[in-house]
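Visitor: Mind folding the following:
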Amino acid sequence: MASIRPGERGRARFAGSLVLLLFGLGACAPRPPRLVPPPGGVEAVEGFGSASIAGAEASVKGKFGFVFRRPGLGRIEAVDPIGRTVFLIYFRDSRAWFVLPGRKIYAEDGADVMMERFLGVALRPDEAIRLLTGNWEAGAESGGKSGWRVERDAQGRVGRGESGEFSFTVRTFFPGDAVPREIGLAGPGTSGRIKILKLGFDPPPRPEVFDVAFLSAFAPKTWEEILELLDR
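Guide: Below is the predicted model of the structure:
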């Protein structure tokens, strides 16, 4: 069984606990495939992973699907043990929406802020593509607001990155060409890891995957209101 619940700072601000059921980790896992990104670069990634994050505002443990596409698009979906969607996070440019479809409510915030709430590390969608492909191209380390600085290992693979108080460390790679498989994450009051279980490069474009027009029928809430409602 897996869960997402307030961390220490979250418990100080909101009484009780927040629990959402996500997929538990399987006892047996197939041998990881050989992964080699296209030589011309990657515009999008799609896959499935597991997360175990002990966060300052929330703790997450479970499985999730994801798709990220340049420039600035992303979607994360967490499901319960019988395949129902528990929550969704949509990314468009610099904004993001955390959606609870069962309650028809959502909270909007900055893309990096919402990613920090989910993973404990403030990544934007394009940076997530760089990390997941292991292709943090020259010049990207110092580009943009986040200013990530990456370090490479003896084999030239992206092994570690820092941006202020945030950091990631690649623990294992897929067989092939330096694609990270397990990544340690750390931020203020937060630590944990994600493990990529399935990953594909440049899936066919599907603009509808990132469409948030349906939110016009949902009620907007603050992040604090989201946590309070789920805590009941």
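Visitor: Identify the residues contacting the residue lying closest to Val79 once chain neighbours are set aside.
Guide: Once flanking residues are discounted, Val79 sits nearest to Thr85: 5.7 Å by CB to CB, 6 or more residues apart in numbering. C-beta coordinates here come from the backbone N, C-alpha and C atoms, glycine included. Applying CB atoms under 8 Å, 6 or more residues apart in numbering, we find Thr85 in contact with Glu77, Ala78, Val79, Pro101, Gly102.
Visitor: does the first one count as helix, strand or coil?
Guide: This points to Glu77. Counting by DSSP: H, G, I helix; E, B strand; the rest coil, the backbone at Glu77 sits in strand.
Visitor: Now do the phi/psi pair for the closest residue to Asp93 other than its chain neighbours.
Guide: Using CB to CB, 6+ apart and skipping residues adjacent in sequence, the residue nearest Asp93 is Gly72, 4.3 Å away. Main-chain dihedrals, Gly72, degrees, to the nearest 10: phi 80, psi 20.
Visitor: likewise Pro125?
Guide: According to degrees, to the nearest 10, Pro125 has phi -50, psi -40.
Visitor: returning to what we had before: filter the contacts of Thr85 to the buried ones?
Guide: Glu77, Ala78, Val79 (16 or more other CB atoms under 10 Å).
Visitor: Take those residues and lay them out in CSV including pLDDT and distance to Phe48.
Guide: Output for those, formatted as CSV (pLDDT from 0 to 100; distance: CB to CB, whole Å):
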residue, pLDDT, distance to Phe48
Glu77, 95, 10
Ala78, 89, 11
Val79, 79, 10
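Visitor: wait, which of those is closest to Gly164?
Guide: Set against Gly164, the nearest of the buried ones among the contacts of Thr85 by CB to CB is Ala78 (26.8 Å).
Visitor: Go ahead and confirm the closest one touches Phe66.
Guide: No: contact status for Ala78 versus Phe66: not in contact, 9.9 Å apart, counting by CB atoms under 8 Å.
Visitor: Quick check: neighbours shared by the two?
Guide: With CB under 8 Å, 6+ apart, Ala78 and Phe66 have no common neighbours.
Visitor: follow-up on the earlier one: distance check, the residue nearest to Asp93 against Phe91.
Guide: Per CB to CB, to the nearest Å, Gly72 is found 7 Å from Phe91.
Visitor: Ok, Gly74 next?
Guide: For Gly74 relative to Phe91 (CB to CB), the value is 3 Å.
Visitor: and for the two, which residues touch both?
Guide: The contact sets of Gly74 and Phe91 overlap at Phe68, Ala111, Pro125, Phe210 (CB under 8 Å, 6+ apart).
Visitor: Looking at the residues you listed, spot the one nearest Pro188.
Guide: Ala111 (18.1 Å).
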